[in-house]
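[1] Provide a 3D model corresponding to the input given below.
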Amino acid sequence: MDETMNQPVTQPNVNTQTSKDDIVHLLHLFKEPSVQRQWSNLHSILKREELDARKSSGPYSEQANPLSYLAELFNNYEEFAPQNVMVDYVLQGVDLPPLKKQPYQPSATEWAYLATFTHDLEPTNLSRRNIIRGEDWIKATWNDCRRYLHQMFINYNRLGQHDDDKDEWGSKKELRCWCRAAKWNPTNSGSGSISRYQSAMIYSIAVLDICDFKAIGRKMPKGMGVDATINNGAVVASHKTRKRSVKQDNNTSILKVLELGDARESKMSALKLLLEF
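    Alright, predicted model coming up:
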């Protein structure tokens, strides 16, 4: 793979910093059916022939270089052009891309509230199609996304962990709770969000399933996970095992009482003999 592919190739005066549109474009790439094998291969253990194939174009090259295939599709804004699933689009013509309705309209009643925060997201922002992202960017940005998503899911569960009436995942109440999770700071509830790309994190619930959020934390590469430490320095107390008390049955208790009674009678007999003597 040419090393120049890892550097963003852009036109002059174009901001190459990662944007919220880049993040949602990457989220859709994670769920794209045609590249699920590449995502699976990304963190798989490679065999010797697969490691050697990284610098070749042999039969194992695709499995050994999943990032190159992911980057290729990410940069192809014609073949891979996801839409914002929370809002409605209108067709312009046969060869023209669809446009969002103006003013925006939620695509479903369930997204009506969240769309107020995400309607401006453009998963296929054509103004950024000339920014060529390489393998290094895909890997680093996806690792960052996993951290943000994991933290978002932690916040969501902390907000609702004391609610006895917690609703089903995806319900109207839980979607509002999901939105609050992007803004919640456990160290100071009034200091704003601790999540980057807040609108993209809110939008992620429309792309990912609950099993994806649960798995993201478990599959983090070493050193990339978010631990159970709360940001204010408090640490979740470790579980302490307690010895279970042994319950005695009635028969054992009666036997002990009889033994104590026999000992007491023996002592009284000995005392009488001593006095008589």
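
[2] C-alpha from now on. contacts and neighbour counts both.
    Fine.

[3] could you list every residue that touches the nearest residue to residue 88 once chain neighbours are set aside?
    Sequence neighbours aside, residue 107 is the residue nearest to residue 88 in space, at 4.8 Å (criterion: CA to CA, 6 or more residues apart in numbering). Listed by CA atoms under 8 Å, 6 or more residues apart in numbering, the contact set of residue 107 reads 85-88.

[4] what's the answer for residue 199, then?
    20, 117-118, 121.

[5] Buried subset of the residues you listed, written for PyMOL?
    Command for PyMOL that selects the buried part of these, burial taken from 16 or more other CA atoms under 10 Å:
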select buried, resi 20+118+121
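
[6] was I right about residue 159 contacting residue 181?
    Yes. If you go by CA atoms under 8 Å, residue 159 and residue 181 touch, sitting 7.1 Å apart.

[7] Which one's more surrounded, the two?
    Applying other CA atoms under 10 Å to residue 159 and residue 181 shows that residue 181 carries more neighbours, namely 27 against 16.

[8] show me the contacts for the more buried one.
    152-153, 155-156, 159.

[9] So it belongs to a helix, correct?
    Yes. Under DSSP: H, G, I helix; E, B strand; the rest coil, residue 181 falls within a helix.

[10] ok, it to residue 153 distance?
    8 Å (CA to CA, to the nearest Å).

[11] same question, residue 136
    26 Å.

[12] For those two, indicate the residue with more neighbours.
    Neighbour totals were compared for residue 136 and residue 153, and residue 153 leads with 21 against 16 (other CA under 10 Å).

[13] give me the element the more buried one is part of.
    Using DSSP states H and E, residue 153 sits in helix 135-160.

[14] That helix packs against which elements?
    helix 66-74, helix 172-183, helix 198-203, helix 210-218 (3 or more CA pairs under 8 Å, 6 or more residues apart in numbering; DSSP states H and E).

[15] where along the stretch 1-150 of the chain do the helices fall?
    Under the criterion DSSP state H, counting those that start in this stretch, the stretch 1-150 of the chain contains helices at 20-31, 36-42, 48-52, 61-64, 66-74, 115-118, 135-160.

[16] which one of these has the lowest average pLDDT?
    Of all the helices of the stretch 1-150 of the chain, mean pLDDT reaches its minimum on helix 61-64 (a mean of 61).

[17] Leaving out chain neighbours, which residue sits closest to residue 100?
    That would be residue 89: by CA to CA, 6+ apart, it lies 4.2 Å from residue 100.

[18] Quick check, the one you found in contact with residue 97.
    No. If you go by CA under 8 Å, residue 89 and residue 97 don't touch, sitting 9.7 Å apart.

[19] Counting neighbours, go ahead and name the busier of those two.
    Set residue 89 next to residue 97 and count neighbours by other CA under 10 Å: residue 89 wins out with 19 against 13.
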